[in-house]
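1. quick one, fold the following:
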Amino acid sequence: MNSPASSQNSLIGSSHLLIAAVAWGGMYGVSKTALQYLDPYSMTTIRYGSGALIFCLLLLLKEGPKSFRFDGQFVRLWLYGSCGFCGFSILLFHGLKHAPAEHGAVIASLMPLISALISWLTQGKRPNKTTILCTLLAIFGVVLVISRGDISNLLQLESVKGDLMIIIGVTCWVIFSMGLGQMQGWSSSRYTALSCCAGLITILLANTVATVVGVSSLPTPEKVTPVLFEISYLILAAGVLAVSCWSSGVAKMGALNSLLFMNMIPVSAFIIAAVQGKAIHLMEIYGMTLVIVALVANNVLPRIQRADRQISATYR
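-> Predicted coordinates:
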């Protein structure tokens, strides 16, 4: 029987994870609007330039000045930070210029399965049959969303190009997330703040190069003012609030339970799109449902299998 303290911990953890997932779900539509005024490079610089300052302030209040030491890990943090904050954000924003926001949200929900595939490629940890089947089902669901049930839509290079950029960007974020496991003894707050600061170097370099070659421009007040709400949302809600709530929820619920909440990202994105008056194709709903079923099955079935093995071992 769960103790009252344990139940309260689960309730708090679940609410934090739900807040994070809903905030991330809203990020895609908000980004789509902001991209009408700002380019991916300047948006990324504004978002994580401000985010780095806030993450550092939170780290200072939580762990003190000593937590700002890199302890010889600067290069590793720079690589992970460049991958997560620079690669993910710029590729995501570029992708959203060509693909619908709802596609980005569905692709983002594949993070747990992408993580399993990366572990297979880099560490030789071959996924079990359940994960492989769930991955194939989820991919089929994503294809349904992108194509809306008409394979000829997959030949529309503009949208497909955007979807591929988002897939690569999401993979960058998965690599960044897996990096925390390589930083033994580091808290999630310290890892996030210092990797964001290190990755900001790459963001500024990319923005500078993009400005020189003419694909980016300085974010003037005329460009920023019309999307001030959207920028604030990306920094505060989809950035600081979502990351902080996610870290807190994972600490209380565990990584396996937390992954289930990734399902809420496409759900919230589709609900927001419907509220905004966008037409949602029936095949998109079918595809989103398949992705969610695959993620839930990949999380729940291994537990049932372990429980069955334990019961069988008990009665032998």
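
2. how distant is stretch 9-29 from the center of its chain?
-> The chain centroid and the centroid of stretch 9-29 are separated by 12 Å, computed with C-alpha atoms, centre = their mean, to the nearest Å.

3. residues in contact with residue 200?
-> 48-49, 52, 81, 85 (C-beta atoms under 8 Å, 6 or more residues apart in numbering). C-beta: built from backbone N, CA, C; applies to glycine.

4. which of those residues fall in helices?
-> Counting by DSSP state H, the contacts of residue 200 place 48-49, 52, 81 in helices.

5. same list, the contacts of residue 200, but as TSV with distance to residue 203, pLDDT and neighbour count please.
-> As requested, these are arranged in TSV below (distance: C-beta to C-beta, whole Å; pLDDT from 0 to 100; neighbours: other C-beta atoms under 10 Å):
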residue	distance to residue 203	pLDDT	neighbour count
48	6	92	25
49	8	94	15
52	9	94	23
81	9	94	29
85	7	93	28
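
6. farthest pair in the residues you listed?
-> Distances among the contacts of residue 200 were taken as C-beta to C-beta; the most separated pair is 49 and 81, at 12.9 Å.

7. before we move on, back to that, of the ones in helices among the contacts of residue 200, closest to residue 148?
-> Within the set of the ones in helices among the contacts of residue 200, residue 48 lies nearest residue 148; the separation is 33.4 Å, counting by C-beta to C-beta.

8. quick check: that closest one touching residue 199?
-> Yes. Between residue 48 and residue 199 there is a contact under C-beta atoms under 8 Å: 7.2 Å.

9. okay, and the common contacts of the two?
-> 85-86.

10. the stretch of helix or strand residue 55 belongs to packs against which elements?
-> Taking DSSP states H and E as the criterion, residue 55 maps to helix 40-63. In this structure, helix 40-63 packs against helix 88-96, helix 188-212, helix 228-232, with contacts taken as 3 or more C-beta pairs under 8 Å, 6 or more residues apart in numbering; DSSP states H and E.

11. what's in contact with the next helix or strand after the shortest one?
-> By that I understand helix 228-232. On the C-terminal side of helix 228-232, the closest following helix or strand by DSSP H and E is helix 242-253. When contacts are defined by C-beta under 8 Å, 6+ apart, helix 242-253 is touched by residues 9-10, 12-14, 16-17, 19-20, 23-24, 27, 55, 58, 188-189, 192, 258, 261.

12. at 6 Å instead, please
-> Outside helix 242-253, the residues that touch it by C-beta atoms under 6 Å, 6 or more residues apart in numbering are 9, 13, 16-17, 19-20, 23-24, 188, 258.

13. try stretch 119-135
-> Judged by C-beta under 6 Å, 6+ apart, the contacts made with stretch 119-135 from elsewhere in the structure are 113, 116, 294, 297-298, 301.

14. what pLDDT, on average, does it get?
-> Stretch 119-135 comes out with an average pLDDT of 79.

15. ok, stretch 265-282 next?
-> For stretch 265-282, the mean per-residue pLDDT is 79.

16. how about the CA coordinates for that stretch, as CSV?
-> The C-alpha trace of stretch 265-282 is given here as CSV (Å, rounded to 0.1, in the frame of the first residue of the first chain):
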residue,chain,number,x,y,z
ILE,A,265,2.8,16.8,-26.5
PRO,A,266,1.0,15.9,-29.7
VAL,A,267,-2.4,15.8,-27.9
SER,A,268,-2.0,19.4,-26.6
ALA,A,269,-0.6,20.6,-30.0
PHE,A,270,-3.7,19.2,-31.8
ILE,A,271,-6.1,20.6,-29.2
ILE,A,272,-4.5,24.0,-29.5
ALA,A,273,-4.6,23.8,-33.3
ALA,A,274,-8.3,22.9,-33.2
VAL,A,275,-9.1,25.8,-30.8
GLN,A,276,-7.3,28.1,-33.2
GLY,A,277,-9.7,27.0,-35.9
LYS,A,278,-7.3,24.8,-38.0
ALA,A,279,-8.9,21.9,-39.8
ILE,A,280,-7.6,18.6,-38.4
HIS,A,281,-7.7,15.7,-40.9
LEU,A,282,-9.1,12.4,-39.7
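
17. about what we covered before: mind listing what's buried along the helix holding residue 55?
-> Residues 40-48, 50-56, 58-59 are the ones in helix 40-63 that count as buried (16 or more other C-beta atoms under 10 Å).

18. next SSE after the lowest-mean-pLDDT helix or strand in the chain?
-> For the chain, using mean pLDDT, DSSP states H and E, the weakest element among its helices and strands is helix 255-259, scoring a mean of 64. Reading on from helix 255-259 to the C-terminus, the next helix or strand found by DSSP H and E is helix 264-275.

19. show me what counts as buried in that next one.
-> Judged by neighbour count using 16+ other C-beta under 10 Å, the buried positions of helix 264-275 are 264-270, 272-273.

20. can I get those in CSV with distance to residue 289?
-> Formatted as CSV, these follow (distance: C-beta to C-beta, whole Å):
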residue, distance to residue 289
264, 13
265, 14
266, 10
267, 10
268, 15
269, 14
270, 10
272, 17
273, 16
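
21. good, wrapping up.
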